[in-house]
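Trainee: Compute the structure for the input listed below.
(one chain, ligands or ions: 1)
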Amino acid sequence: MGARRTAIGIDVGGTGTKAALVHDSGEIAARVERPTLFSGGTKGAIAVAEDLLVKAVELGIEVGAVGIGAAGFIDAASGTVTFAPNLTYDDPHIAQAVRTHTGLPTLVDNDANAACWGERAHGSARGSDHVAYLGMGTGIGSGFIEAGRLVRGLTGAGAEMGHTVIEAHGPPCKCGLRGCLEQYASGQAIARMAREALAEDPASSILSYAASVEEVTAADVSRAAHEYDDTACTVLRRAGRALAIGLSNMANIFDPEVIVLGGGVVRAGEPFLGPARDEIARMTQAQRRRPLRIVIAALGGDAGIIGAAALALAEAPGRVEE
Ligand SMILES: [Zn+2]
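Mentor: Alright, predicted model coming up:
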């Protein structure tokens with residue numbers, strides 16, 4: 001028929017729940033955002049879906065499905081969250097709860113899987129059937145598309161690069177292991193490494209951006225690094241080299257055509273990505289691998305909502321297929 005199809009895409013993060021009416025072209029027709037209720041992840045998803053259904057009526061848009069990318073371990077087959085360290089879902093059966101309130105076919109998946117799908121559908125991995133996505137924000141999420149399908153594992157907890165160990169005796173991680181990639185290349189990790197380094201270099205310009213050592217963020221480190229502050233550059237170099245080990249592991253396990261780097265930490269730019277690029281070049285050369293194509297996410301903070309909507313149009317149970 002060629003009619004435009006539209007879905008609601010929702011991104012439930014640790015601090016904010018973002019959502020939009022997204023056409024199948026990837027274009028956003030309307031958006032809403034609410035702070036995530038710490039103990040009400042599912043309630044928040046229902047609230048933004050209801051906001052957007054009202055907007056859809058005003059705009060004369062017919063909505064075909066709802067897609068949700070949610071932080072935590074998500075079993076997409078049953079639409080439930082199985083483990084979420086950073087926020088609480090008042091109802092673990094997210095898909096069913098949203099379906100009941102909206103009457104629409106609903107799909108829920110991990111937020112990084114949704115972002116990976118979004119970058120492949122409408123972003124910087126367009127046209128590739130072998131995509132890896134690494135989202136570096138407060139923590140680290142990852143998604144993989146193999147032969148055109150998302151890799152989910154048995155329970156949805158598979159392909160979590162953030163919790164692969166890159167340093168056996170490294171710092172402890174919330175997941176129970178030590179030395180996870182998340183403990184070196186996430187926003188939280190960069191802030192922690194900076195706080196440790198500031199004990200040796202209290203004159204670092206990192207402190208001119210933060211109110212106190214305890215309040216240093218990855219963004220403060222990034223700002224100082226762009227002024228060539230030694231301590232900031234050393235911290236980001238360490239994070240970048242750890243990222244390279246993670247990327248090399250991704251290449252060895254999945255052999256992707258393209259790796260997309262997303263999340264706020266990417267904005268640290270060259271002081272972080274330069275050392276990562278040098279190290280990955282050295283590692284791929286040592287293994288005589290073809291050079292990896294590593295790109296920055298094109299959809300930025302919208303990858304999750306655009307991807308969740310596209311995924312719902314492609315896979316939500318009960319949707320009307322073209
Ligand atoms: Zn971990």
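
Trainee: correct me, but P275 touches R237?
Mentor: Yes - P275 is within contact range of R237, at 4.4 Å (criterion: Cβ atoms under 8 Å). Glycine gets a C-beta too; all of them are placed from N, C-alpha and C.

Trainee: ok, then the element right after the one helix or strand A29 maps to?
Mentor: Taking DSSP states H and E as the criterion, A29 maps to strand 28-35. Counting by DSSP H and E, the next helix or strand C-terminal to strand 28-35 is helix 41-59.

Trainee: what mean pLDDT does the strand holding A29 have?
Mentor: Average pLDDT, strand 28-35: 95.

Trainee: what residues are up against the closest residue to E315 other than its chain neighbours?
Mentor: What sits nearest to E315 in space, not counting adjacent residues and going by Cβ to Cβ, 6 or more residues apart in numbering, is L107, at 5.7 Å. Applying Cβ atoms under 8 Å, 6 or more residues apart in numbering to L107 gives the contacts 65-68, 76, 79, 95, 308, 311-312, 315-317.

Trainee: Likewise for G137?
Mentor: Neighbouring residues of G137 by Cβ under 8 Å, 6+ apart: G13, S186, G187, G263, G264, V265.

Trainee: The same query, at a cut-off of 6 Å, please.
Mentor: G187, G263, G264 (Cβ atoms under 6 Å, 6 or more residues apart in numbering).

Trainee: quick one: which of these sit in helices?
Mentor: Per DSSP state H, helices hold the following members of the contacts of G137: G187.

Trainee: which stretches of the stretch 201-322 of the chain form helices?
Mentor: For the stretch 201-322 of the chain, the helices defined by DSSP state H, counting those that start in this stretch occupy 218-225, 230-254, 270-286, 303-315.

Trainee: Could you give the number of residues near the residue in the stretch 201-322 of the chain that the ion sits nearest to?
Mentor: Nearest to the ion in the stretch 201-322 of the chain, going by Cβ to the ion, is G246, at a distance of 12.0 Å. Other residues near G246 come to 25 when the count uses other Cβ atoms under 10 Å.

Trainee: Give me the spatial nearest neighbour of it, chain neighbours excluded.
Mentor: That would be L181: by Cβ to Cβ, 6+ apart, it lies 4.4 Å from G246.

Trainee: Would you confirm that the one you found contacts I245?
Mentor: No - if you go by Cβ atoms under 6 Å, L181 and I245 don't touch, sitting 7.4 Å apart.

Trainee: Between the two, tell me which one has more neighbours.
Mentor: Neighbours were counted for L181 and for I245 using other Cβ under 10 Å; L181 has more, 29 against 19.

Trainee: need the contact list for the more buried one.
Mentor: Residues in contact with L181 (Cβ under 6 Å, 6+ apart) are I140, G162, T164, I166, G246.

Trainee: picking up where we left off before, determine which stretch of the helices of the stretch 201-322 of the chain is the most buried.
Mentor: Each of the helices of the stretch 201-322 of the chain was scored by mean neighbour count; the highest is helix 303-315, a mean of 29, by mean count of other Cβ atoms under 10 Å.

Trainee: which other helices and strands contact that one?
Mentor: strand 6-12, strand 16-23, strand 65-70, helix 111-122 (3 or more Cβ pairs under 6 Å, 6 or more residues apart in numbering; DSSP states H and E).

Trainee: got JSON lines for those, with distance to D201 too?
Mentor: Output for those, formatted as JSON lines (distance: least, Cβ to Cβ, whole Å):
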{"stretch": "strand 6-12", "distance to D201": "37"}
{"stretch": "strand 16-23", "distance to D201": "34"}
{"stretch": "strand 65-70", "distance to D201": "39"}
{"stretch": "helix 111-122", "distance to D201": "34"}
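
Trainee: The ion: which of those is closest?
Mentor: helix 111-122 (14.4 Å).

Trainee: neighbouring contacts of the closest one?
Mentor: Residues from elsewhere that reach helix 111-122, judged by Cβ under 6 Å, 6+ apart: 26, 69-71, 125, 131, 133, 135, 141-143, 145, 150, 260, 262, 297, 299, 303-304, 306-308, 310-311.

Trainee: Can you tell me which of those residues are classed as buried?
Mentor: The neighbour-count test (16 or more other Cβ atoms under 10 Å) marks 26, 69-71, 125, 131, 133, 135, 141-143, 145, 150, 260, 262, 297, 299, 303-304, 306-308, 310-311 as buried among these.

Trainee: remind me which residues of this protein are low pLDDT?
Mentor: Applying pLDDT under 70 to the chain picks out residues 1-3, 322.

Trainee: Spell out which residues of it are next to the ion.
Mentor: Applying Cβ under 5 Å from the ion, we find that the chain lies next to the ion at H163, C173, C175, L177, C180.

Trainee: got a winner among the residues you listed for most neighbours?
Mentor: That'd be C180 among the residues of the chain next to the ion, by other Cβ under 10 Å, with 29 neighbours.

Trainee: quick one, what contacts that one?
Mentor: H163, V165, C173.

Trainee: Dihedrals phi and psi, the second one?
Mentor: Okay, so that is V165. Phi and psi for V165, reported as degrees, to the nearest 10, are phi -80, psi 130.
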